[in-house]
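Trainee: sequence and computational prediction follow.
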Amino acid sequence: MRELLRRLPWAFLILLATALPVEAQKFPSRSLRIVSPFPPGGGTDILARTMAQRLTEIWGQQVIVDNRPGATGIIGTEIVVKAPPDGYTMLLGNSATQAVNVSMFRKLPYHPLKDLACVSTIARLPVILVVHPSLPVARVKDLVSLGKARPGQLTFGSAGNGSPPHLAGELFSLMAKVKIVHVPYKGGPFALTELMGGQITMYFSNALTALRLRGTGKLKALGVSSLKRMAVAPDIPTISESGLPGYEEHIWFAVAVPGATPAAIVKELNVGIVAALRSKDVAAILTKDGAEIMATGPEECTTFTESEIRKYADVIRKSGISAAD
C-alpha cells in the first residue's frame, strides 16, 4: 500500500483530498447567507439580522442577510430550495413559508418538508392588533362595535395572501362576526406604512415591529393575540379578554436549508444557531421585544412544522380563503 501511494502522482492525491464529502471538511469555511423572504424592517428581517451578527462571531465567518421579498415569501424560499445543498444558504422562514403556503397555493413551487430540511425552530411571538391613532376606538370591543355599525367599511392590511397577519385578521373577522375587508401588500412594512398614513383601518403586526413603533405615536395598540398578556407590555390587554374569548394566534420562525443538505451539516448549523439564541445578547434583544425563544433540534423542528401544516390547513379550509382572495 505504501508503495502504491508513493507511486501515485501528487496531483492525483490533491484531487482525492478535494473530492472528500463537504461534511468531512471544516464547516463553515467561508461566508454564509441567510435569505429573508420578506422586506427589510419586518419581524423576519429583524430576527435574521440579530442572529446573523452573533453567528458571524460564533463561526468566524461572515453571515450575510439577503432580503428576497415577494409572493408571501415564496420567491425567497424558492431561491433557497434551488441553492446548492452545502449549508451555506439558509432560509429564515416563518409560519407562512413553512406551514401556510402549502395549503394556500395550489401550485406552490416547493414543499416545506420535502424540498427543505428543518434546522431549528427559532422563536414565536404574538401579533398585536394596531390601528391608526385617529380611529375613534380605545378597546377591541369598540372596534367590533364600529365594524358592526359599518359593515364592509373597515379594512385590515396584511403581508400578503396567506401571511400570518392575513390569517389573524380572518380569524378575528370570523370570531367577531364582522365583515372586514382584507387588503394584501407585498410585505408587512408596506402595510404598516399604509396604516400609519391612514389608508387602512387596522393591522395585525408581529410584536417585534409593533412594540418598536408603539412609542412613536403613529399607531395605537388595542390587543395582543396571546392568551396571556405580554410581560414586556402588560398594559396591552389580550384580544381574548377584550371580547373574543379564546382568540389566539402566533407567528413563528424557523431556519431551513435545501432538502438534500447532509445531516452532518444540518447538525453543525443547528449547534451554532442554538448557541446564538441562547447567548445573553441575542436572548435579551428577542425577549425584550416579546419573543419566546424555542431553539429546537432538527427533528423537533420537523415534528412541529408537520403539526402546524395540519393546523393551518384546517383554518384555511374552514375560513374559505385562498390565494385569489
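Mentor: Everything's here; your move. All figures in this text were calculated on a predicted structure; none of them were measured in a lab.
Trainee: OK, contacts around residue 136?
Mentor: With contact taken as Cβ atoms under 8 Å, 6 or more residues apart in numbering, residue 136 is in contact with 142, 146. All C-beta atoms are positioned from the backbone trio N, CA, C, and that covers glycine.
Trainee: assumed it was part of a strand.
Mentor: No - Residue 136 sits outside any strand when classified using DSSP: H, G, I helix; E, B strand; the rest coil, being coil.
Trainee: which residues in the stretch 201-325 of the chain form strands?
Mentor: 202-206, 220-224, 250-258, 292-293 (DSSP state E, counting those that start in this stretch).
Trainee: any chance of those in a markdown table, with distance to residue 123 too?
Mentor: Below are those laid out as a markdown table (distance: least, Cβ to Cβ, whole Å):
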| stretch | distance to residue 123 |
| --- | --- |
| strand 202-206 | 11 |
| strand 220-224 | 16 |
| strand 250-258 | 6 |
| strand 292-293 | 5 |
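Trainee: out of those, the one nearest residue 304 is which?
Mentor: In terms of Cβ to Cβ, the element of the strands of the stretch 201-325 of the chain nearest to residue 304 is strand 250-258, at 8.0 Å.
Trainee: taking strand 202-206 as reference, get the angle to the closest one.
Mentor: 50 degrees (axes from the mean of the first three to the mean of the last three Cα atoms, to 10 degrees).
Trainee: count the neighbours of residue 215 for me.
Mentor: Residues near residue 215, counting by other Cβ atoms under 10 Å, number 7.
Trainee: circling back: so which of the strands of the stretch 201-325 of the chain gets nearest residue 30?
Mentor: Across these, closest to residue 30 is strand 250-258 (Cβ to Cβ), at 15.5 Å.
Trainee: partner strands of the closest one, with direction?
Mentor: strand 89-94 (antiparallel), strand 116-131 (antiparallel) (DSSP bridges).
Trainee: where do the helices of the chain begin and end?
Mentor: Assigned by DSSP state H, the helices in the chain fall at 2-7, 10-18, 43-59, 74-81, 95, 101-104, 140-149, 164-176, 188-196, 207-214, 263-278, 280-288, 298-319.
Trainee: residue 155 and residue 198 touch, don't they?
Mentor: No - at 11.0 Å, residue 155 does not count as touching residue 198 under the criterion of Cβ atoms under 8 Å.
Trainee: give me the number of residues near residue 259?
Mentor: Here the number of neighbours of residue 259 (other Cβ under 10 Å) works out to 17.
Trainee: that one contacts residue 116, doesn't it?
Mentor: Yes - using Cβ under 8 Å, residue 259 makes contact with residue 116 at a distance of 5.5 Å.
Trainee: related to what we said a few turns ago, need the strands paired with strand 250-258 in CSV with mean neighbour count, mean pLDDT and distance to residue 244, can you?
Mentor: Listed next are the strands paired with strand 250-258 as CSV, based on neighbours: other Cβ atoms under 10 Å; pLDDT from 0 to 100; distance: least, Cβ to Cβ, whole Å:
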stretch, mean neighbour count, mean pLDDT, distance to residue 244
strand 89-94, 27, 97, 23
strand 116-131, 26, 95, 10
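Trainee: indicate which one of those strands is closest to residue 212.
Mentor: With Cβ to Cβ as the yardstick, what comes closest out of these is strand 116-131 (11.1 Å).
Trainee: can I see the domain layout of the chain?
Mentor: The chain breaks down into these domains under automatic domain parsing: 31-124+251-319, 126-242.
Trainee: start and end of the first one, how far apart?
Mentor: This means domain 31-124+251-319. End-to-end distance of domain 31-124+251-319: 43 Å, with Cα to Cα, to the nearest Å as the criterion.
Trainee: out of the strands of the stretch 201-325 of the chain, indicate the one that is most buried.
Mentor: strand 202-206 (a mean of 30; mean count of other Cβ atoms under 10 Å).
Trainee: about what we covered before: got the strands paired with strand 250-258 as CSV, with distance to residue 288 columns?
Mentor: Formatted as CSV, the strands paired with strand 250-258 follow (distance: least, Cβ to Cβ, whole Å):
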stretch, distance to residue 288
strand 89-94, 19
strand 116-131, 12
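Trainee: between those, which one is nearest to residue 61?
Mentor: Using Cβ to Cβ, the nearest of the strands paired with strand 250-258 to residue 61 is strand 89-94, at 12.6 Å.
Trainee: what does the closest one rub up against?
Mentor: Outside of strand 89-94, the residues within contact range by Cβ under 8 Å, 6+ apart are 32-38, 43-44, 47-48, 51, 73, 76-77, 79-80, 83, 97, 112, 116, 119, 122, 164, 251-258, 269.
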